[in-house]
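dropping the sequence and predicted coords here.
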Amino acid sequence: MSKSEKQLVDQSQALDDFFSSLMRDVEAYAEEEQHDSQAIRSDDLPSAPAVVQAESVSPKPVMSETTSQQDVQLEEPVSTKIFEQLPPVVEPEPEVSVAEVEIQPEPEPEPEPKHEAGIESAPEKVSRPDWSESEFQAMLFNVAGLMLAVPLVDLNGVVEWDPEKITEMPGHAEFYLGLMNHLGVNVPVIDTARLVLPPKKRQELTGDDPTARLSRVVLIHDGQYGLACDEVSEVITLQPDEVRWRTARTQRRWLAGTVVEHMCALIDVNAFADLLASRAPVSAFRE
Amino acid sequence: MSQAAQSANDPVTQWVTFFLDNEKYGIKVMQVQEVLRMTEIAPVPGAPHYVLGIINLRGNVVTVIDSRKRFGLPEQEPDDSTRIVIIEAGDQVVGILVDSVAEVVDLRANEIETAPNVGTDESSKYIQGVSSQGEELLILVDVDKLLSDEEWQEVASL
């Protein structure tokens, strides 16, 4: 008993840690993680730069003309870096990444004033999903202890998890459980926990039968993807101001925000589906 | 006659189906030369990991590929139903080791769906599509893409 109790404590500790890291993410602290995540992000994540470019406003006009593909990919780390450095104010030049320094020495002054002007309000507005403007409902579901919420407008259904109905595909990522036939359509089913949870927590999920804990599949994005979960919980009604919305600084793009009152992470379904479709590296979900 | 008309815009292809780790796979019948019972496979020193070894097929040396390894499936000892399917792929003749061979099925083009790609694993490129067979799903494999161009060359030079 005491062993399992200890395990429980450890687990909830790990989850608390993860949730607070989600919150930190949303709240745009997390400076200590800055280095790792930038290292990962600078060479992959094909579609991320587009989003951030839109959010961070300033580099767009200049960079889109002067920079090559490669530089565009580097843009995100650069702009987020500028973001973080803003509180200390005005001297991003020395630390801005090599690519930008080399290619466009002139536009540098430009980003700063605009960022400063917009830092409080603009980025948040831009990055929020449509449904977030007024009261909305969301369904809570549990993946290995982490509570996730999917807005009802983006929810297409919930079906039983039935391993018999899943066809495993060869040579796929570990979080991809296989194809499920749902009303004649083959839906890829994802083990959400193994996709989004950090490595430490994920290790506990590997056992003899890592899928034994699953009970339901949540269908999202016009039923295009199924998110396998441990259990489905209640539906809650949320006011926009109850949610800590993500900012432009947010690393996890699938995370629309967190709801402290329910200790849950709100999913941005479109971003989540885009990440899956773009075959973004798994780190894009977890970092 | 209506059948003929239907087949014109909905061509039928035939697929040899086989089992690997309880899932059913299909490869185009035109690419299958023959199916052999398990025979002695001579390991080749220094061969890439996806090559099990070579067999002597009526005087010709044929490389046998470990399809379980290629598909990321757990290894399994050969048994009575294990077969070596001799296929033409990548401009050469190779064998693939499978758990068992089932049957030949006819598939109309509209019965074949593309398999959604999820995750970053490049090895899933060889999945040409899937087809629902009642309750189960048949996974259609493009054997030409079973190995990359470099890997085919590697096999050819064994």
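Here it is on my side, so go on.

would you mind listing what in chain B touches chain A?
Residues of chain B lying close to chain A (Cβ under 8 Å from any Cβ of the partner chain) are B:20-21, B:23, B:70-73, B:113, B:115-121, B:123-124, B:126-127, B:130, B:132, B:135-137, B:139. The way it works is simple: take the backbone N, C-alpha and C, and place the C-beta from them, glycine included.

just those: which are in helices?
Among the residues of chain B next to chain A, the members falling in helices (DSSP state H) are B:R70.

buried ones only from the residues of chain B next to chain A, please, as a ChimeraX command.
To isolate the buried ones among those in ChimeraX, judged by 16 or more other Cβ atoms under 10 Å in any protein chain shown, type:
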select /B:20,23,70,71,72,73,113,115,116,117,118,119,120,121,124,126,127,130,132,137,139
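
what does chain A have sitting close to chain B?
A:165, A:167-173, A:175-176, A:179, A:181, A:184, A:186, A:188, A:190, A:224-225, A:276, A:279-282.

buried ones among the residues you listed?
A:165, A:167-173, A:175-176, A:179, A:181, A:186, A:188, A:190, A:224-225, A:276, A:279-282.

where in the chain is pLDDT low?
Assuming you mean chain A. Applying pLDDT under 70 to chain A flags residues A:1-16, A:23-127, A:206-208, A:249-250, A:280, A:287.

chain B was what I was after
The model of chain B has pLDDT under 70 over residues B:1-8, B:119-124.

same thing but at 90, please
Low-confidence segments of chain B, defined by pLDDT under 90: B:1-10, B:22, B:69-75, B:89-91, B:113-128, B:133-136, B:145-150, B:155-158.

can you give me the strands in it?
B:12-20, B:23-28, B:32-37, B:51-57, B:60-66, B:83-89, B:92-98, B:100-108, B:127-133, B:136-141 (DSSP state E).

who does B:V62 bridge with?
B:V62 has these beta-bridge partners by DSSP bridges: B:I55.

for it, give me its contacts.
Each residue near B:V62 by Cβ atoms under 8 Å, 6 or more residues apart in numbering or on different chains is listed here: B:I54, B:I55, B:N56, B:I86, B:V93, B:V94, B:G95.

how far away is it from chain A?
23 Å (Cβ to the nearest Cβ, to the nearest Å).

buried residues, stretch A:264-279. List them.
Of the residues in stretch A:264-279, those buried (16+ other Cβ under 10 Å) are A:264-276, A:279.

got the end-to-end distance for stretch A:240-259?
By Cα to Cα, to the nearest Å, the extent of stretch A:240-259 from end to end equals 10 Å.

what do you get for stretch B:53-62?
Stretch B:53-62 end-to-end distance (Cα to Cα) = 9 Å.

now swap in stretch B:11-30 and tell me
15 Å.

what does it rub up against?
So stretch B:11-30 is contacted by A:167-168, A:170, B:32, B:35, B:67-68, B:71, B:73-74, B:76, B:83, B:85, B:87, B:98-109, B:131, B:133, B:136-141, B:143 (Cβ under 8 Å, 6+ apart).

list the buried ones in that stretch?
So, applying 16+ other Cβ under 10 Å, buried residues of stretch B:11-30: B:T13, B:W15, B:V16, B:T17, B:F18, B:L20, B:E23, B:K24, B:Y25, B:G26, B:I27, B:K28.

no more questions from me, cheers.
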